[in-house]
Each structure stands twice: as structure tokens, then as C-alpha cells.
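Novice: Predicted model follows, preceded by the sequence.
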Amino acid sequence: MVTHVTSSVRFRTAMTRALVRPLAVALGAGVVVVGGLAWTGSGAGDLRLDGAEQGGTLAPVTSEQRRQQRATALLERHVCWSGEAPPDMRGVLPGHTVVSHRVGGGVRTSYAGSRLVGEALEELFGEGSREVVAVHGFCR
């Protein structure tokens with residue numbers, strides 16, 4: 001009886017892989033099949049499809065790529081800038097920042113307020129910050 005259930009699960013998993021992956025390759029999305037369930041990912045997911053035109057392979061998205069994607073989304077969502085400040089903000093202390101900073105044992109990319117604005121400015125123009133790993137931009 002257990003053999004029948006196991007065979008059925010393996011068959012469903014194999015069928016899902018056989019049907020979903022080619023469709024995902026055609027659509028340009030990554031696919032993960034776990035226990036017969038399929039998850040497809042886009043640019044914000046944890047998998048990326050490389051070389052789709054040559055048959056494609058699934059490659060993990062690195063932590064750095066994920067941080068950069070999050071930073072870009074935060075900069076756009078909060079209408080922030082990187083590089084030269086907009087004319088109305090020149091000579092004015094920014095109210096917020098988008099930074100990758102140390103939290104616990106890891107690194108988090110966040111939209112942050114005045115405390116991390118000071119750390120971000122110290123990272124860019126001072127002697128460096130112990131907390132901020134990367135400054136992605138500033139916000140009003």
C-alpha cells in the first residue's frame with residue numbers, strides 16, 4: 001500500500017516537472033517543484049532562469065542580488081535618489097535613507113529614518129560606519 005502512494009507521488013512529481021518546466025522556460029520564469037507542487041518565480045523570487053535560449057538552468061539568486069532588488073524597489077517606492085540630490089534637497093539633511101545594514105548576525109536592506117541617515121552619511125563622507133554596509137540612496 002505504501003509503495004502505491006510513493007509511486008503515485010513520484011509520478012505526479014515527474015509529470016509536474018515534465019509539464020511545468022517547459023512552460024516556465026517558454027515564459028522566462030524559474031520553477032521549483034516540491035512534492036508535486038510547482039512554484040514559479042519572477043525577478044523578485046529566489047530563483048533565476050539562466051540561458052533560457054539554450055535550454056535554461058535554474059541558478060540561485062545571491063543575497064547581494066536580492067539586497068539590490070529590494071534596494072531598487074524601496075528607492076522607487078519612496079521616491080528616493082542616489083547620486084546628486086534633487087534641486088529642492090541640495091543643502092538639506094535627508095529625512096530617510098535606503099541602506100543595507102547589520103542586524104543581528106546578518107544584513108538587511110531597509111528604508112530607514114534619521115538614525116541611519118546619520119550612519120549613511122558617516123559611511124559616505126566620514127570615517128565609515130560600523131552598522132551600514134551599503135548606502136543605496138537618500139529620501140525626503
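Specialist: Yep, it's here. This is a predicted model, so every value here is computed, not measured.
Novice: Run through the strands of the chain in chain order.
Specialist: Using DSSP state E, the strands of the chain run over 30-34, 37-41, 47-50, 57-60, 96-103, 106-112, 132-139.
Novice: angle of the last one against strand 96-103?
Specialist: Between strand 132-139 and strand 96-103, the angle formed by their directions is 160 degrees, by axes from the mean of the first three to the mean of the last three CA atoms, to 10 degrees.
Novice: what's strand 132-139 in contact with?
Specialist: Contacts with strand 132-139, where a contact means CB atoms under 8 Å, 6 or more residues apart in numbering, come from 67, 71-72, 74-75, 78-82, 85, 89, 94-102, 107, 109, 111, 116-117, 119-120, 122-124. All C-beta atoms are positioned from the backbone trio N, CA, C, and that covers glycine.
Novice: same thing with the fifth one?
Specialist: Contacts of strand 96-103 from elsewhere in the structure, counted by CB under 8 Å, 6+ apart, are 67, 71, 74-75, 78, 80, 107-114, 116-117, 119-120, 123, 130-140.
Novice: Provide the strand pairings for that strand, with the direction of each partner.
Specialist: Strands adjacent to strand 96-103 in the sheet, as given by DSSP bridges, are strand 106-112 (antiparallel), strand 132-139 (antiparallel).
Novice: So this protein: which segments form each domain?
Specialist: As recorded under automatic domain parsing, the domains making up the chain are 2-61, 64-139.
Novice: Low-confidence ranges, the protein, go.
Specialist: Flagging of the chain using pLDDT under 70 yields the residue ranges 1-59.
Novice: Okay, residue 132 and residue 94: tell me how far apart.
Specialist: Residue 132 sits 14 Å away from residue 94, going by CB to CB, to the nearest Å.
Novice: give the contact list for the residue nearest to residue 67 when sequence neighbours are not counted.
Specialist: Distances taken as CB to CB, 6 or more residues apart in numbering put residue 109 closest to residue 67, at 4.6 Å, once the chain neighbours are dropped. Applying CB under 8 Å, 6+ apart to residue 109 gives the contacts 67, 70-71, 74, 98-100, 136.
Novice: What is the nearest of the residues you listed to residue 61?
Specialist: residue 67 (10.2 Å; CB to CB).
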